[in-house]
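> predicted model and sequence below, questions to follow.
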Amino acid sequence: MRSVEEQLKVIRRGVVQICEEGELREKLARGKRLRVKLGVDPTAADLHLGFTVVLRKLRQFQELGHQAVLIIGTYTAQVGDPSGRDKSRPQLAEETVMANAEKYLAQAGKVLDLSRVEVRYNGEWFKGMKFMDVIKLLAKSTVARMLEREDFSGRVSAGVPIYLHEIVYPLMQGYDSVVVGADVELGGSDQTFNLMMGRDLQRDAGQEPQVCITMPLLEGLDGVRKMSKSFGNYVGINEAPKEMFGKIMSVSDEMMWKYYELVTDVALEEIEEMREGVTEGGLHPMEVKKRLAGEIVRMYHGEGAAREAREEFERVFSAREVPSEMREVRVVPDGEGRIDVVGLLVKNGLASSNGEARRLIGQGAVELGGERVKELRVVAPREGEVVLRAGKRRFLRVIIERGGTT
RNA sequence: GGGGAGGUGGCAGAGUGGUCAAUUGCACCAGACUGUAAAUCUGGCGCCUCACGGCUACGGAGGUUCGAACCCUCCCCUCCCCA
């Protein structure tokens, strides 16, 4: 096992806060394998990059020889974590949660070494609790303490309801720590309160309190709000390579550094060098961003896919050519040899309504075979293939067939 | 239980009888430019229609009115104060 200082160097990368670092140092110095807990609620079936920030930290602990304890919050997911939310989370049905949990775990395996992870489902201990047990748990905290939280107090002043079950959530998460005897718990910075609750409950139970390590929340593609499925600003780790690559290219130049630090293994020193290179003008931000996109795609899809995704991106966006693959449809022109572009766009999902399709044409966003479409119906070549393009990203290969005997 | 405030487009938030498919901001889409699906600028942004126009929509259900997001009744939901 590496020295305490070496371990700390790895652990510190990208963290917001270690509470308390002194305690962590002590625990490490004892040389024992630490039990490092991460709780996840399988509220959705897909993992995204934002979530890998904290998963990767867990992975780093694994690599340092510690025991990763992954809590799948089958029970807490049914309550709904109020953290950082400006409204209540929907409560999920047990079947949904269990189905999600399975998919979740499979995806977490892309980051963690699952063979060395202790996986626990918190339904295991919550399911059998008696009401009186719940009451006893509730008696461990106070309303005032809960209202210290900014998300709760914010909701109070904004007039958004807070339901009582949401108040219980932090206690549940804290109780998980007691059950598994966590030495360290990881979480996003919005989890700080919940993590601290673990410390309180552990102390109350006569355990040594866990060290809480919080990670920054990764902003999504909009660069403003945290990455989240519900904001639609996420990059799923199961997404197709070229989709993933393109999405990462839409991260703003300023934000990409944070992505480098939090979701890649590129050394901090190297990131700093690149940043200086860009500031001084010798290094092109687009190149740096392409590398970022490549690094990330490689992690989840491999080297080959990363290269292809990059080539595809350069072809479509830099060279403005058409993608290598796209959907194909066959159309037969009408009696006058024209095709209905609007209908084609809508039927194939390139536009969501006829109105939008017309608008796109009006805005000059639609091309057929490289020619800008100006009419709603257009004279088509007699036969053969042409590419229909709507905007920068939507393509369709159209195979014109010879009109019948009409 | 009593009193007060409020529920508007993906979100925030105007509008309080016709001039409202509904100001504005964000998000989103497109164009221009470019160095990228960055940034910036410009335009667009319910559905049907080439268009004229029509239809559906302002928590839900009724009602008043020539006409309602706006007025009335009931219902549902939320917040605040008091008990």
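Okay, I see it. Numbering: from 1, shown residues only, chains lettered A, B, ... in the order given.

> in the helix or strand residue A:313 falls within, what counts as buried?
Using DSSP states H and E, residue A:313 sits in helix A:303-313. For helix A:303-313, the neighbour count (16 or more other Cβ atoms under 10 Å) marks A:305-306, A:308-310, A:312-313 as buried. (C-beta placed from N, C-alpha, C; glycine too.)

> find the nearest non-adjacent residue to residue A:12, please.
residue A:18 (7.3 Å; Cβ to Cβ, 6 or more residues apart in numbering).

> the lowest-mean-pLDDT helix or strand in chain A and RNA strand B in contact?
The weakest-scoring helix or strand in chain A, judged by mean pLDDT, DSSP states H and E, is helix A:150-158 (a mean of 75). Yes. With Cβ under 7 Å from any atom of the strand as the measure, helix A:150-158 is seen reaching RNA strand B through A:156, A:158.

> centre of the chain to the helix holding residue A:313, how far?
21 Å (Cα atoms, centre = their mean, to the nearest Å).

> so which elements touch it?
Counting contacts by 3 or more Cβ pairs under 8 Å, 6 or more residues apart in numbering; DSSP states H and E, helix A:303-313 packs against helix A:241-249, helix A:285-301.

> for those, which one sits closest to residue A:257?
Between residue A:257 and the helices and strands packed on helix A:303-313, the shortest gap by Cβ to Cβ is with helix A:285-301, which sits at 8.9 Å.

> tell me which element residue A:118 is part of?
Using DSSP H and E, residue A:118 sits in strand A:117-121.

> which SSE is immediately downstream of that strand?
Next element after strand A:117-121 (DSSP H and E): helix A:123-126.

> what's in contact with that following helix?
By Cβ atoms under 8 Å, 6 or more residues apart in numbering, the surrounding residues in contact with helix A:123-126 are A:74-76, A:172, A:175-176, A:179.

> same thing but at 6 Å, please
A:74-75, A:179 (Cβ atoms under 6 Å, 6 or more residues apart in numbering).

> quick one: residues contacting the residue of the stretch 251-400 of chain A found nearest RNA strand B.
Proximity of the stretch 251-400 of chain A to RNA strand B (Cβ to the nearest atom of the strand) peaks at residue A:391, 2.3 Å away. Residues in contact with residue A:391 (Cβ under 6 Å, 6+ apart) are residue A:365.

> circling back: most widely separated two among the buried residues of helix A:303-313?
Pairwise distances among these were taken by Cβ to Cβ; the largest, 12.3 Å, belongs to A:305 and A:313.
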